[in-house]
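> Just a sequence and a predicted model for now, questions to come.
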Amino acid sequence: MEGHSMAQRTLAVIGAMDVEVDLLAKSLDEVYEHKSAGVTIFDGRLPGTDVRVVATVAGMGTVNAAATAQHLIDVYAPEALLFSGIAGNLTNHLHINDVVLGKTLVYLDTDMRMISQAPPFTNEYHSDEKLLAVADEVLNKLGIEHIAGTIATGNLFIEGDAAAKVKAATGADAVEMEGAAIAHVAARNEVPSLVIRALSDNADTEYETFREFDVSEYADNAARIVMEIICSLA
């Protein structure tokens, strides 16, 4: 495998959209960029650390997220898998650009009575406690309002009245399309994971309107948090 020494500590970072990975990719030193398993992988070192970072854009949805997570685990054997991106807010006490850490991640559209019969044999998934603690410390230092809460994941863009139904069904603090799949694959492989979501909207906007939004500010916010977390782990 080309790229950096296997002796280095390696962390993997995934986003669903280009905008969620751009800032991190541009911040890496000694970057080796290549395509593998249908995604472009940025393999470099975070400045000021000896940490090798492999970052990529999975695409939206649970299948893209799961396939990419498994590929990075198989090829790079990272010590942790971080997911950085944006999400819809489902709470009354958080605001746009606040952050939800995925303490608990659940699927919206999956019958877990069947899925949980296979490893890791659970109805819900969790970010790693140590990574959550590091993220909490970083967010406090940055002065960013945040909670370690519940994130709901499904393969539909949640808009309008659907947000209230998601909240009622799951009690989630945020809704998105990849987090539970990332945590699911990580747990199956016994790799610590952390899902970080900067809130970009209140899950009350139609997709055709949302796609015109400039979400780079919120995505960059999540990426900066990831970089601070990696520095704290270095």
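Done, it's in.
> Next, residue 198: secondary structure please.
Of the three states, residue 198 takes strand according to DSSP: H, G, I helix; E, B strand; the rest coil.
> That one bridge partners, please.
residue 86, residue 99 (DSSP bridges).
> who's in contact with it?
Contacts for residue 198 (CB atoms under 8 Å, 6 or more residues apart in numbering) come out as 85-87, 97-99, 218-219, 221-222, 225. (Each C-beta comes from the backbone N, C-alpha and C, glycine too.)
> at 10 Å what do you get?
Contacts for residue 198 (CB atoms under 10 Å, 6 or more residues apart in numbering) come out as 20, 84-87, 96-100, 144, 146, 174, 215, 217-225.
> Filter the residues you listed down to the ones in helices?
Using DSSP state H, the members of the contacts of residue 198 that fall within helices are 217-225.
> May I see the PyMOL selection of the buried members of those residues?
Buried subset of the ones in helices among the contacts of residue 198, written as a PyMOL selection, criterion 16 or more other CB atoms under 10 Å:
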select buried, resi 218+219+220+221+222+223+224+225
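> check contacts around residue 73.
Residues near residue 73 by CB under 10 Å, 6+ apart: 12, 81, 185-186, 188-191, 193.
> related to what we said a few turns ago, pick out the most distant pair among the ones in helices among the contacts of residue 198.
217 and 225 (13.1 Å; CB to CB).
> are any of the contacts of residue 73 buried, and which?
Judged by 16+ other CB under 10 Å, buried ones among the contacts of residue 73: 12, 81, 185-186, 188-189, 191, 193.
> pLDDT, secondary structure and distance to residue 117 added to those residues, as JSON lines?
JSON lines is the format used below for the buried ones among the contacts of residue 73 (pLDDT from 0 to 100; DSSP: H, G, I helix; E, B strand; the rest coil; distance: CB to CB, whole Å):
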{"residue": "12", "pLDDT": "97", "secondary structure": "strand", "distance to residue 117": "28"}
{"residue": "81", "pLDDT": "97", "secondary structure": "strand", "distance to residue 117": "24"}
{"residue": "185", "pLDDT": "98", "secondary structure": "helix", "distance to residue 117": "17"}
{"residue": "186", "pLDDT": "98", "secondary structure": "helix", "distance to residue 117": "19"}
{"residue": "188", "pLDDT": "97", "secondary structure": "helix", "distance to residue 117": "13"}
{"residue": "189", "pLDDT": "98", "secondary structure": "coil", "distance to residue 117": "18"}
{"residue": "191", "pLDDT": "98", "secondary structure": "coil", "distance to residue 117": "21"}
{"residue": "193", "pLDDT": "97", "secondary structure": "strand", "distance to residue 117": "22"}
